[in-house]
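In: got a sequence here, can you model it:
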Amino acid sequence: MRFLTAGESHGQCLTAIIEGLPAGLILDIDRINEEMARRQQGYGRGGRMQIEKDKVEILSGVRFGMTLGSPVTLAITNRDWENWTERMAVSGPPRGIPVTAPRPGHADLTGVLKYDREDVRDILERASARETAARVAVGAVAKQLLAAIGSQVTSHVVNIGGVGIQNTRPDFASIAKRREKSVVGCIDAKAEQDMKAAIDAAKEQGDSLGGTIEVLADAVIPGLGSHVHWDRRLDTRLAAAMMSIPAIKGVEFGAGFAYAALPGSKAHDEIYHDPGSGYCRSTNLAGGIEGGMSNGETIVIRAVMKPIPTLMKPLQSVDIANHQPISASTERSDVCAVPAAAVVGEAMTAIVLGQALLEKFSSDCMTDLLAAIEQYQNRLSQA
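Out: This next block holds a predicted model:
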């Protein structure tokens with residue numbers, strides 16, 4: 001399974017094409033749109049979220065609610081396009097005032113140098129995190145593929161602007177339920193209030209905040225990924241997927257960077273065998289991945305998001321038109337998008353797990369896929 005997205009932040013629409021989905025997968029468009037709405041929510045989001053109410057339209061590859069095995073095309077109309085038809089016109093002479101003050105921390109300056117552009121908008125429109133709406137749509141499809149075999153993906157926010165949750169580890173079901181009741185996607189009620197206060201303070205100061213998200217995948221079939229080549233390792237692929245999300249600057253699995261302070265005797269998950277359920281572990285320091293393969297435990301990924309580069313009190317920059325000092329440009333932006341990043345992290349995790357699943361159990365239709373998985377699980381149960 002592979003996918004491509006296309007579209008600009010203020011263009012007519014965002015699109016995605018998914019290739020390789022097996023025929024016979026039941027797709028619920030309402031569930032896809034629920035994921036789109038989740039991405040737009042969160043305390044600290046900007047004015048753009050008041051304009052766009054993202055809805056997905058399926059243009060190909062699905063008939064009567066079921067995939068056909070052909071490419072699936074998804075489209076998300078940008079409602080704000082009507083205000084940008086001149087500045088983002090596909091043809092004709094350039095219109096509108098060019099953006100020449102690149103923002104520190106964004107793709108702006110490097111992009112105009114690499115692609116030889118004179119208007120930063122030629123770069124920022126595609127570099128915008130608006131593109132992740134298309135990925136959330138693809139991830140929503142991947143989630144339905146995983147759900148068909150009993151796997152689930154969720155997330156929560158563990159830190160915003162230095163305000164973190166208590167070091168508790170509730171079960172997967174509790175996280176999935178509690179995070180949806182929080183406007184910052186946090187399962188700790190006290191931390192939620194402190195996070196909101198930190199966001200309010202940053203907004204007053206014209207500043208922005210980053211944070212840390214945790215994504216979890218439950219009931220993942222063991223053996224996804226491989227140890228035999230570096231690019232087939234599941235953690236390699238998941239780390240790359242998380243790092244592809246705009247503003248993500250660090251990723252860890254399980255105990256992650258805490259491993260640096262642990263002796264080997266306390267750094268690994270001891271293995272047990274239960275006659276009824278087979279091999280198991282009482283801890284999950286590895287975060288569900290050993291040797292580049294899923295081991296059957298819950299996959300636990302944490303990612304750090306830097307503060308958004310667009311500031312209402314902009315940093316110092318240089319005008320690319322005349323090399324004179326200038327304040328960086330401003331665009332309509334968020335104060336904090338960490339809760340949204342968590343939803344995008346879920347999407348990317350679901351996509352990678354869906355890809356790994358279809359690689360291991362290559363099938364043209366859901367009937368064959370489910371049969372292959374059942375055979376595999378029967379073999380594991382006898383090991």
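
In: for the rest of this, base every contact and every neighbour count on C-alpha atoms.
Out: Fine.

In: where does Gln193 fall, secondary structure wise?
Out: According to DSSP states H and E, Gln193 maps onto helix 189-204.

In: quick one: list the elements packing against that helix.
Out: The contact analysis (3 or more CA pairs under 8 Å, 6 or more residues apart in numbering; DSSP states H and E) places helix 189-204 against strand 152-160, strand 163-164.

In: over to Gly150: give its phi and psi.
Out: phi 90, psi 10 (degrees, to the nearest 10).

In: who touches it in this structure?
Out: Ala219 (CA atoms under 8 Å, 6 or more residues apart in numbering).

In: now it: how far from Tyr376?
Out: 15 Å (CA to CA, to the nearest Å).

In: now Leu27: how far from Arg63?
Out: 10 Å.

In: neighbour count for those two, which is higher?
Out: Leu27 (19 against 13; other CA atoms under 10 Å).

In: go ahead and confirm that one touches Phe64.
Out: No - applying CA atoms under 8 Å, one finds Leu27 not in contact with Phe64, separated by 9.3 Å.

In: quick check, pLDDT for Arg48.
Out: We have a pLDDT of 55 for Arg48.

In: and Gly256, by the same measure?
Out: Reading off the model, Gly256 has pLDDT 96.

In: what's the burial count for it?
Out: 15.

In: Provide the backbone phi and psi angles at it.
Out: Here Gly256 shows phi and psi, under degrees, to the nearest 10, equal to phi 50, psi -130.

In: could you confirm Leu4 falls within a strand?
Out: Yes - judged by DSSP: H, G, I helix; E, B strand; the rest coil, Leu4 forms part of a strand.

In: could you dump stretch 108-119 to PDB, C-alpha only?
Out: Listed next in PDB are the C-alpha coordinates belonging to stretch 108-119 (Å, rounded to 0.1, in the frame of the first residue of the first chain):
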ATOM      1  CA  ASP A 108      10.700  29.400   3.700                       C
ATOM      2  CA  LEU A 109      14.300  30.500   3.100                       C
ATOM      3  CA  THR A 110      15.800  27.100   2.300                       C
ATOM      4  CA  GLY A 111      12.900  26.400  -0.100                       C
ATOM      5  CA  VAL A 112      13.300  29.600  -2.100                       C
ATOM      6  CA  LEU A 113      17.000  29.000  -2.500                       C
ATOM      7  CA  LYS A 114      16.600  25.300  -3.500                       C
ATOM      8  CA  TYR A 115      13.800  25.900  -6.000                       C
ATOM      9  CA  ASP A 116      15.000  29.400  -7.200                       C
ATOM     10  CA  ARG A 117      11.800  31.200  -6.300                       C
ATOM     11  CA  GLU A 118      11.300  34.900  -5.600                       C
ATOM     12  CA  ASP A 119       8.100  34.600  -3.600                       C
END
